[in-house]
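Undergrad: Next come a sequence and a model predicted from it.
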Amino acid sequence: MAEAVQRGARKSALRAPRRVAESATDTDTRAHSAASVRALTSPEDVRAALIGELDLHLSTTTNKHGRPFQRKTINAYVNAGKALSSWIGASQHVNAVGVEVTSFTDVDVSTANAFFRWWYQTKDVPKSQDGKGGYTGGVNTTQRNLRALFLYLSEEYDHPNPYDDPKFHRYAAPQLGKPRTLSEEFIQDTLDITAWGPGRKDFETTRDHALLRVLTEGLRAEEILNIRVQDLDLQGAVLVVVPLKMDRNSLDGRVIPLQPSTVKALQRYLRLRPMNKRHTEPWLWLGLNNRPRLGYSGLWNMTKRVAERAGYDSAEVSPHCWCHSWADDLKARGVSGEHIMAIRGWKSPAMLRRYGADMASQRAVNTMHNLGDRYA
């Protein structure tokens, strides 16, 4: 008996406290937990709960390449489901078997086609750049984003996937716009007005110049914004970019060679970076006025602001223009397509052709002129 008492007095080796006898406190806790669960009292609640399930499902699974879904991708899929939910709730719809559509599992191929037709007429056509009702491709994007919801319904609720029905109306992908290649004069002018010098040694100008220099290295905007301080190797004149998309291992990285001027610009920025109170953040690029990590809108606004200061039309400029300019620069200087693809992380030569398409004709003319006379 004494041994049993002694055993009972010992401390628990488990992290959670031992379950005690049921008491009034336990009853209160169970009542609170039950009350905190939201009751599904309307079709809107049911649809919202299903969208929540989809979010959790995508957050705990991998894509077809075996990689975790990025939060940006999950948000796009979730927002597509919310758009369909709003459309269902906005007016009455009846599916092919005469059932009023109130839940996602009521949506059949005829309902899906009606939704995408509505999206085309109300959201796609008004955005037509030619003002004549041309197709901009927004429905195709919505169809791709909404596919995740119906795949989930098929797997978890055995709901027939309307995408598998031969009567499903598919909208084509948008045509890729012509790439914009920045002139050498524009790039040089923007670098000149932000270059280190009298009156241009403040945090903002130094940061903007370093950003522009890194843009000339051919990185995508997201890749630039995701650079961490530890990804820089200024002694080796390189930085490491963690791949963000497709079938690349998220633990691997591409090594990006840096121009000497880029190294110098980054060195100066790192020297002034502690002026921002958030300098302990791991992300390299910080906002202005002691704001934390720089976002895409900040990068976008910076390119527009610098373009206007240099006397150019900012409407012609976006962060992605530098990628096309970088590809053209390297191809014009004789860098092999293999090396360009390796630096950019491209798997297909089609990307190389696209990024160099804008100035392809001019490069061909220059190459032929450099050959001189082929016949005496």
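TA: Done, it's in.
Undergrad: can you give me the helices in the stretch 201-350 of the chain?
TA: In the stretch 201-350 of the chain, the helices defined using DSSP state H, counting those that start in this stretch lie at 203-215, 221-225, 260-272, 296-309, 321-332, 337-344, 349-355.
Undergrad: ranges for the strands of the stretch 101-250 of the chain?
TA: Taking DSSP state E, counting those that start in this stretch, the strands of the stretch 101-250 of the chain run over residues 232-233, 238-241.
Undergrad: Next, format the helices of the stretch 201-350 of the chain as JSON lines and append distance to L232, mean neighbour count and mean pLDDT.
TA: Backbone N, C-alpha and C define where each C-beta goes, glycine included. What follows is these, written out as JSON lines (distance: least, CB to CB, whole Å; neighbours: other CB atoms under 10 Å; pLDDT from 0 to 100):
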{"stretch": "helix 203-215", "distance to L232": "10", "mean neighbour count": "22", "mean pLDDT": "95"}
{"stretch": "helix 221-225", "distance to L232": "12", "mean neighbour count": "19", "mean pLDDT": "89"}
{"stretch": "helix 260-272", "distance to L232": "6", "mean neighbour count": "17", "mean pLDDT": "94"}
{"stretch": "helix 296-309", "distance to L232": "18", "mean neighbour count": "16", "mean pLDDT": "93"}
{"stretch": "helix 321-332", "distance to L232": "19", "mean neighbour count": "21", "mean pLDDT": "75"}
{"stretch": "helix 337-344", "distance to L232": "17", "mean neighbour count": "16", "mean pLDDT": "62"}
{"stretch": "helix 349-355", "distance to L232": "25", "mean neighbour count": "15", "mean pLDDT": "52"}
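Undergrad: follow-up on the earlier one: which one of the strands of the stretch 101-250 of the chain lies nearest to L266?
TA: Of all the strands of the stretch 101-250 of the chain, it is strand 232-233 that lies closest to L266, at 6.4 Å by CB to CB.
Undergrad: outside of that closest one, which residues touch it?
TA: Defining contact as CB atoms under 8 Å, 6 or more residues apart in numbering, one finds that strand 232-233 is touched by 239-240, 266, 270, 284.
Undergrad: before we move on, the earlier item: what would the strands of the stretch 101-250 of the chain look like in TSV with mean pLDDT, distance to I51 and mean neighbour count?
TA: Shown next, in TSV, are those (pLDDT from 0 to 100; distance: least, CB to CB, whole Å; neighbours: other CB atoms under 10 Å):
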stretch	mean pLDDT	distance to I51	mean neighbour count
strand 232-233	91	40	16
strand 238-241	86	33	19
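Undergrad: Show me the one of those strands that comes nearest Y157.
TA: Per CB to CB, nearest to Y157 of those: strand 238-241, 40.4 Å.
Undergrad: Who are the packing partners of that closest one?
TA: The contact analysis (3 or more CB pairs under 8 Å, 6 or more residues apart in numbering; DSSP states H and E) places strand 238-241 against strand 232-233, strand 254-257.
Undergrad: Just send those back as a markdown table, with distance to A48 too.
TA: Below are those laid out as a markdown table (distance: least, CB to CB, whole Å):
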| stretch | distance to A48 |
| --- | --- |
| strand 232-233 | 44 |
| strand 254-257 | 40 |
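Undergrad: do you know which of these lies nearest F115?
TA: Among the helices and strands packed on strand 238-241, the nearest to F115 by CB to CB is strand 254-257 (40.0 Å).
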